[in-house]
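Colleague: Structure for the following, please:
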Amino acid sequence: MALVRRTAETPPDGDRRNRPRDPPALVAALTDPDPNVRRWAALDLDGETGAIAPLAAALSGESDQAVREALLSTLAGIGGPEVVGALVPHLRSKDATLRNTCVEWLGQIPATADAVPGLIGDDDAAVRALAVTLVAALHDPRVPGWLLDVVADDPDANVCGAAIGELADVGDETACTVIEAAAARFPSDPFIAFAARTSVARLAGSG
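Modeller: Below you'll find the model as predicted:
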């Protein structure tokens, strides 16, 4: 299912975009004890390409979800390969909420597509599983092919099953053979069997 980008709320004290900005002071405010100060500092850094590194670094130690969303909203608004490179390492975080939130926002950055081959080929199955979710959110013509590669080659049943499920939304009936072959690789896995049966029925019916 495609993810829908969220937008930050308007600050309660008016449109801050019309105010003079002091990027170094805003970067310093990312570590302020008050989460509201951190949140608006993150939002006020919108468009500041020089703040990519501190914004991404702030994610690691940030426990307030509203502040995290502000950090990620600003980073996604800046976009580009540097932002993607700064966010991808967070997919290995032990914090599940941070991992999932980063996946959601990475899915809104077109440059993320360039990182997909490395992510779906990662040694860590947990990263590959997140990559499947990420790939499904991208608006890129290569998405069906990437998912087919995962279904055809990934050795992990959970990753493969997730890709089968996503492929049902973006593939066509030509994917059925690959899905059936994947199910044969995991003959005793009920999740794969169910995902394959459901996806094949849906794709075959769309032809």
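
Colleague: switch to C-alpha atoms for all contacts and neighbour counts from now on
Modeller: Fine.

Colleague: what ranges do the strands span in the chain?
Modeller: Counting by DSSP state E, the chain has no strands at all.

Colleague: Grab the longest helix from it for me.
Modeller: helix 190-205 (DSSP state H).

Colleague: mind listing what's buried in that helix?
Modeller: 191-193, 195-197, 199-200, 202-203 (16 or more other Cα atoms under 10 Å).

Colleague: Return the closest of those residues with respect to residue 185.
Modeller: Residue 185 lies nearest to residue 192 out of the buried residues of helix 190-205, by Cα to Cα, at 9.4 Å.

Colleague: For residue 173, see how far away that closest one is.
Modeller: Plainly put, residue 192 is 18 Å away from residue 173 if you go by Cα to Cα, to the nearest Å.

Colleague: Check residue 53 too.
Modeller: The value you get for residue 53 to residue 173, if Cα to Cα is used, is 44 Å.

Colleague: what's the closest non-adjacent residue to the residue most central in space within the chain?
Modeller: With distances taken as Cα atoms, centre = their mean, residue 103 lies nearest the centre of the chain, 2.0 Å away. Distance criterion Cα to Cα, 6 or more residues apart in numbering; nearest residue to residue 103, sequence neighbours excluded, is residue 134 at 5.7 Å.

Colleague: ok, now residue 112?
Modeller: The shortest distance from residue 112 to any non-neighbouring residue, by Cα to Cα, 6+ apart, is to residue 84 (5.8 Å).

Colleague: What's the per-residue pLDDT of residue 91 here?
Modeller: pLDDT for residue 91: 96.

Colleague: Good, we can wrap up now.
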